[in-house]
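Participant: just the structure for this:
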Amino acid sequence: MLKPKMEKLFNEQINKELYSAYLYQSMAAYFESINLPGFAHWMDSQCQEEQVHAMKMYRYVNERGGRVILEAIDKPQSKWDSPIAVAEHVYEHECYVTELINKLYDAAIEVSDHASKQFLNWFVEEQVEEESSADEIVQKLRLIDGNGHGLMMVDREMAVRLLISPEIAGHTVEE
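Facilitator: Next up, the predicted model:
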């Protein structure tokens with residue numbers, strides 16, 4: 001059975017994961033508006049990935065006998081000064097999510113919830129990948145310094161990103 005403290009924290013994290021999806025969809029809309037479809041595709045994929053994360057936690061709470069309570073999702077930012085500003089925002093946001101996952105993990109240690117610790121290991125590893133991926137894009141955009149040709153090359157690169165479902169990656173959504 002999921003302890004009340006963990007149930008509350010998981011519910012808060014589900015909300016944050018859904019907010020992340022909402023934020024990334026807003027970023028996709030921004031990229032569409034400035035005719036960067038590859039970047040829009042990247043953010044669409046990020047949005048889908050965050051929804052998968054939220055549902056993974058949703059199912060976990062239910063499996064452990066907890067109750068998911070969905071709260072309002074904050075309105076995301078919708079304007080940025082440049083593609084690099086968006087990429088930097090993504091990186092900062094992923095660092096923030098890492099802090100949230102770490103706090104959830106710390107709480108699982110505090111209340112001796114070994115099942116939640118085991119469950120959260122996947123998210124800890126995922127956040128290493130998320131931060132690295134976002135930082136790589138920031139570094140590429142800084143390297144080209146807003147150069148139109150370089151920006152178009154990175155945009156084409158972003159267009160081919162595939163969303164690997166947890167089932168394909170060897171993880172089921174229920175894991």
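Participant: okay, now the unreliable bits of the chain?
Facilitator: 162-175 (pLDDT under 70).
Participant: spatially central residue for it, please.
Facilitator: Glu50 (4.4 Å; C-alpha atoms, centre = their mean).
Participant: correct me, but it touches Asn15?
Facilitator: No: in this structure Glu50 lies outside contact range of Asn15 using C-beta atoms under 8 Å: 11.5 Å. Yep, even glycine has a C-beta here, placed from its N, CA and C like the rest.
Participant: just checking, next helix/strand downstream of the helix or strand Lys56 falls within?
Facilitator: Per DSSP states H and E: Lys56 is located in helix 37-63. As assigned by DSSP H and E, the chain's next helix or strand after helix 37-63 is helix 83-110.
Participant: just how off-centre is that next one within its chain?
Facilitator: Between the centre of helix 83-110 and the centre of its chain there are 8 Å (C-alpha atoms, centre = their mean, to the nearest Å).
Participant: next: stretch 26-40.
Facilitator: Here stretch 26-40 is found 17 Å from its chain centre; the criterion is C-alpha atoms, centre = their mean.
Participant: list the contacts of it.
Facilitator: 41-44, 46-47, 76-80, 83, 86, 89-90, 151, 154-160 (C-beta atoms under 8 Å, 6 or more residues apart in numbering).
Participant: can you turn the buried part of the residues you listed into a PyMOL selection?
Facilitator: In PyMOL, this line selects whichever of the contacts of stretch 26-40 come out buried by 16 or more other C-beta atoms under 10 Å:
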select buried, resi 41+42+43+44+46+47+76+80+83+86+89+90+151+154+155+158
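Participant: does Val90 really touch Ile137, like I thought?
Facilitator: Yes: contact criterion C-beta under 8 Å: Val90 and Ile137 qualify, at 7.4 Å.
Participant: the helix or strand harbouring Glu32: which residues count as buried?
Facilitator: According to DSSP H and E, Glu32 maps onto helix 4-33. Neighbour-count burial for helix 4-33 flags 6-7, 9-11, 13-28, 30-31 (criterion: 16+ other C-beta under 10 Å).
Participant: what about the residue of the chain most remote from its centre, distance to Trp42?
Facilitator: In the chain, His149 marks the outermost C-alpha relative to the chain mean, sitting 28.6 Å out by C-alpha atoms, centre = their mean. The gap separating His149 from Trp42 is 19 Å, by C-beta to C-beta, to the nearest Å.
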